[in-house]
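>>> A predicted structure for the sequence below; I have some questions about it.
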Amino acid sequence: MVAKSKKSQSQTFTPSKSELLFKVGKDIPKWYAIDNLSSSKSNHEKFDKRKCEEIYRSERTLYQTLYQQDQTSDYQWLQTSLSTTSKDRLAALVTLIRRSPIHTIFELETLINLLQSNIQHRRDALTIAEVLQDIFLNTYLPENRRLLNITQQTPNTKQAAALAHVEDTIKQLYSKFIDLLQQIAHDPIGPIRIKAVSMLERLLSQRPEQEKRLLELIVDKLGDPDSNVAAKTLHLLNQLLEQHPGMKAVVVNEIERLLFRQNIRQNAQHYGLCCLTAITFSSQDNELANKLIKIYFALFRLLSIKEDVSSKFFAILLGGVTRAISFAQVDLDNIIEHLNDLFRIVHSTNFKTSVRALQLLFRLAEQRSEIDDRYYNALYKKLSEPEWKNSKMLSTFLNLIFKSMLKDSMESRIRAFMKRLLQLCLFNDVPFICGILLLISELVKRHPNGSRLLLFSQKTNIKMGQTTGEDEDEEEHFHDVPSDDDQPLQTVPETSSWDHKNLNQPKQTNIDHYDIFKRNPLYCGSEYTCFHELLFLRNHSHPTVALFAENIFQGKSIEYNGNPLIDFNSMRFFDRFIYKNPKKEIAKHEILRKKSRHAAGRLYLPKGVKAVAVDSSEYTRLNPAHIPADERFLYTFMKMRQENNEAAQSRKKDKSTDDFEGDIDDNESIESVSDDEFDKYLDHFMDDVDKDEIDVDEDDNNSVEDIASTVQPVHRNDEQTNDDDDDGDGIDNRPFTLNDGDELSDDEQLDDNDHETISNEHIRDNFKVDNEREMKQIKWELDRERTFAQRTRRYDKHMKKTGKRKPKLTRREKRRQMNQTNLKKKKRVHFS
């Protein structure tokens, strides 16, 4: 009886939801926002770590009891799923955690243990890791603060004590999860490592917890042996800096630790430098720019000692220094110490590295004028190297030349550069020539004394102007005082500014002519020459080059807003005949622009006239004044074709249907231009050409006749072999051949001599030709037409009698017919 009474008392006791410290439901705040709601119920009671754990355990037990009573069937299904397959177990654990994250810390621990047990199974491990990543980001990790240990907190209520235990447990479990991700990141398979690094970057970019450790793990993957993994890590770091610019200093410190690590591979240093040079600066990043310059030159000294260092490292280093020096506030004396090394890189490395060095030297020359002569000599020498015209750095190099010439105050040196650039235009392609001419036009327009740069023969020859002592007399000589406009910007010094050139060197003689082989542009005598190259460029075959050269020759500026190096290449010309849908291209450009600002720049979007298809009616309706020079030929041709089509359509309406049928091909009249019309169009452009100046080979006709004479016997042999293939078994059962039909007519049975005599007489009477070769060619054409007419006539007779077409035989059937014909030795009549 006592036992039954106790059992009845236990059954009557049912806990209620009001006894829970944390509410359960959908519209409740996350656990890290609940501590603000319990501040009013504080009783200043102290709770240690053990007591906080006891409070949480009792809260969890009460929650499980209530959940089991409210949803019995659901609870049983979840308990059953926990003991089945791994996928069902994973789904059950996720469902329990999402119902109440505070009361299911043990389930989170079970999920992490499940990942640890499946760490060797790559597919299952990645699936569980992605689930845990979403749970931590969306449920457990705070957005604006880091997690705290229980020793760092002072809970004063039961609710705060339970939350402190929850936060301490989440911090430990999250650290264990990162350890497991680190193991996955060292997997032998590259794509698995890439997915692990992507998870680490997502955790770092969205939550501040464990950010130092996550950054170390990500930066270490820059030295991965697989270049794909290292490149992906570099991309993720650049993406991280775009989302969080405040992390620049932290990332720079971590990469610095990687660069100067002992026994580091060059691959890791390469990707580390690429990450540093990709950092964008603002006006407030002066200290960061100073630190980067120190890192660059420290690494520069380290790499200068090594012998097997690739030139790409120096190119990346110099590019980073050039970008950072504009924002840095450092003493240039530290950089001047490496001046000789920079000039050595200019003259001894590849073109890309030398351009990076020249860019840095230009920055130094802007602030230190004593290195101007040495810098311009190196730049002038680089123009003579043939590799730069086909390099990807061509636009960068031309931009550097333009800025250097615009900054220079020596008029003779600017003219020397202009002379050398025009000389290069004489043996280069159209995009390069247009780029150089546009550069010169912009220089003349922007330079303070740009109009004087194009004046021819600014100085007279010194030998012509010299007078000897015998010619001098007592007569007075008067000279005009030069005005301010006629005075040069600066006079050329008699000797160079280099100190070592003055040692043991004889005094230089005066320059009286232009010397193309001079190393120093100041002493090449550019003021004694004129720009003869413009006369050749004015007559260039490309209309745009001729137009640009004519504008410069007339002293007019070139108005062009595009990039001539890209707009005038062959691919852009072919794009005019590939009629793409502009709406799709614009949509594609918008998608690329959202993904990356660099990717959108690679897509070409034509504008204005270039965006109109050449074969459209809209193109022919454009104003001729708006057509660029390189498309005037196309515009004139399309205009003429449209007029011819309209005329053909009008003639078609005038004629009747019966007369018009068979005489005019609709497609040919609408879609193409006849040969006569095209010849007239070309003759219109050749009116100004003197016909006496055109060289004509007298043996051209003979060469045509020789070709015809060689083709004729080959054609007859082919016909004979084709006739042999058509042999059959017999006359009645064999397939139809072109030799079937009636007997030959009297005209067809003429012998070869009579036929040749008649043909020759016919040719002499009708074609008025006495040359044997021409007669042979005409005779061959007539014989071919006669043979074709005979075979057509025989084929028509066969169709009238049988109504069957010639069957197509396979190769095996043809060989069988040939064998049977050889056995029976049937005679056949061959027609010439």
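Thanks, I have it.
>>> Can you report how many residues neighbour the residue lying closest to K610 once chain neighbours are set aside?
Once flanking residues are discounted, K610 sits nearest to R576: 7.3 Å by CB to CB, 6 or more residues apart in numbering. Every residue, glycine included, has its C-beta placed from N, CA and C. R576 is flanked by 18 other residues according to other CB atoms under 10 Å.
>>> what's R576 sitting at in phi/psi?
phi -70, psi -20 (degrees, to the nearest 10).
>>> Check Q642 too.
Dihedral angles for Q642 - degrees, to the nearest 10 - are phi -70, psi -40.
>>> Let me see the contact set for it.
617, 620 (CB atoms under 8 Å, 6 or more residues apart in numbering).
>>> at 10 Å instead, please
615, 617, 619-621 (CB atoms under 10 Å, 6 or more residues apart in numbering).
>>> Give me the distance between the residue nearest to K610 and G435.
Computed as CB to CB, to the nearest Å, the R576 to G435 distance reads 20 Å.
>>> swap in K46?
For K46, the distance to G435 - CB to CB - is 78 Å.
>>> just M410 next, same as before
Distance of M410 to G435, given as CB to CB: 24 Å.
>>> Those two - which one has more neighbours?
G435 (23 against 19).
>>> Phi first, then psi, for that one.
Dihedral pair for G435: phi -60, psi -40, per degrees, to the nearest 10.
>>> got the contact list for it?
Contacts of G435 by CB under 10 Å, 6+ apart are 394-395, 398, 421, 425, 428, 548, 563-568.
>>> okay but the residue nearest to K610 is in contact with L634, surely?
Yes - using CB atoms under 10 Å, R576 makes contact with L634 at a distance of 7.6 Å.
>>> Can you tell me the number of residues neighbouring S83?
With other CB under 10 Å as criterion, S83 counts 9.
>>> just checking, it touches Q76?
No - using CB under 10 Å, S83 is not in contact with Q76; the gap is 11.6 Å.
>>> buried ones in whichever strand or helix holds M799?
M799 is located in helix 772-802, with elements delineated by DSSP states H and E. Across helix 772-802, burial judged by 16 or more other CB atoms under 10 Å covers 774-780, 783, 786-787, 790-791, 794-795, 798.
>>> Against which helices or strands is that helix packed?
On a contact count with 3 or more CB pairs under 10 Å, 6 or more residues apart in numbering; DSSP states H and E, helix 772-802 meets helix 700-725, helix 752-767.
>>> which stretch in those helices has the least confidence?
Ranked by mean pLDDT, the helices and strands packed on helix 772-802 end with helix 700-725 at the bottom, a mean of 40.
>>> quick one on the thing from earlier: so for the helix holding M799, mean pLDDT?
So the average pLDDT for helix 772-802 ends up being 79.
>>> just checking, what packs against the next helix or strand after it?
Next helix or strand after helix 772-802 toward the C-terminus (DSSP H and E): helix 811-824. Judged by 3+ CB pairs under 10 Å, 6+ apart, helix 811-824 is in contact with helix 700-725.
>>> show me where pLDDT drops low in the stretch 201-350 of the chain?
Across the stretch 201-350 of the chain, the ranges flagged by pLDDT under 70 are 307-308, 330-331.
>>> Tell me where the stretch 151-300 of the chain has helices.
158-185, 190-206, 211-220, 227-243, 248-259, 266-277, 286-305 (DSSP state H, counting those that start in this stretch).
>>> again with the stretch 501-650 of the chain
With DSSP H, counting those that start in this stretch, the ranges of helices along the stretch 501-650 of the chain come out as 533-537, 543-553, 564-567, 570-575, 582-595, 597-601, 617-620, 632-654.
>>> The nearest residue to Y619 once chain neighbours are set aside: neighbour count?
Nearest in space to Y619, with sequence neighbours left out and distances taken as CB to CB, 6+ apart, is V612 at 4.8 Å. The local packing of V612 (other CB under 10 Å) involves 17 other residues.
>>> so how far is E618 from V612?
As judged by CB to CB, V612 and E618 stand 6 Å apart.
>>> Ok, R50 next?
From R50 to E618 the distance is 84 Å (CB to CB).
>>> can you check Q642 too?
Here the criterion is CB to CB. By it, Q642 lies 11 Å from E618.
>>> Over to I135?
I135 sits 58 Å away from E618, going by CB to CB.
>>> So between the two, which is more surrounded?
The residue with more neighbours, out of I135 and E618, is I135; 19 against 8, by other CB under 10 Å.
>>> who's in contact with that one?
So I135 contacts 93-94, 97-98, 101, 108, 111, 141, 177 (CB under 10 Å, 6+ apart).
>>> And it, which helix or strand is it part of?
Going by DSSP H and E, I135 is in helix 122-135.
>>> That helix to helix 190-206, inter-axis angle?
10 degrees (axes from the mean of the first three to the mean of the last three CA atoms, to 10 degrees).
>>> May I have helix 122-135 as CSV, with CA atoms only?
Extracted in CSV, the C-alpha atoms of helix 122-135 (Å, rounded to 0.1, in the frame of the first residue of the first chain):
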residue,chain,number,x,y,z
ARG,A,122,36.2,12.9,-46.4
ARG,A,123,32.6,13.2,-47.8
ASP,A,124,30.9,12.6,-44.4
ALA,A,125,33.4,14.9,-42.7
LEU,A,126,32.7,17.8,-45.1
THR,A,127,29.0,17.4,-44.7
ILE,A,128,29.1,17.4,-40.9
ALA,A,129,31.6,20.4,-41.0
GLU,A,130,29.3,22.4,-43.2
VAL,A,131,26.4,21.7,-40.9
LEU,A,132,28.4,22.7,-37.8
GLN,A,133,29.5,25.9,-39.6
ASP,A,134,26.0,27.0,-40.2
ILE,A,135,24.9,26.1,-36.6
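>>> buried stuff in that helix?
Buried residues in helix 122-135, counting neighbours by 16+ other CB under 10 Å, are found at 122, 124-129, 131-133, 135.
>>> per-residue confidence averaged over it?
Across helix 122-135, pLDDT averages out at 93.
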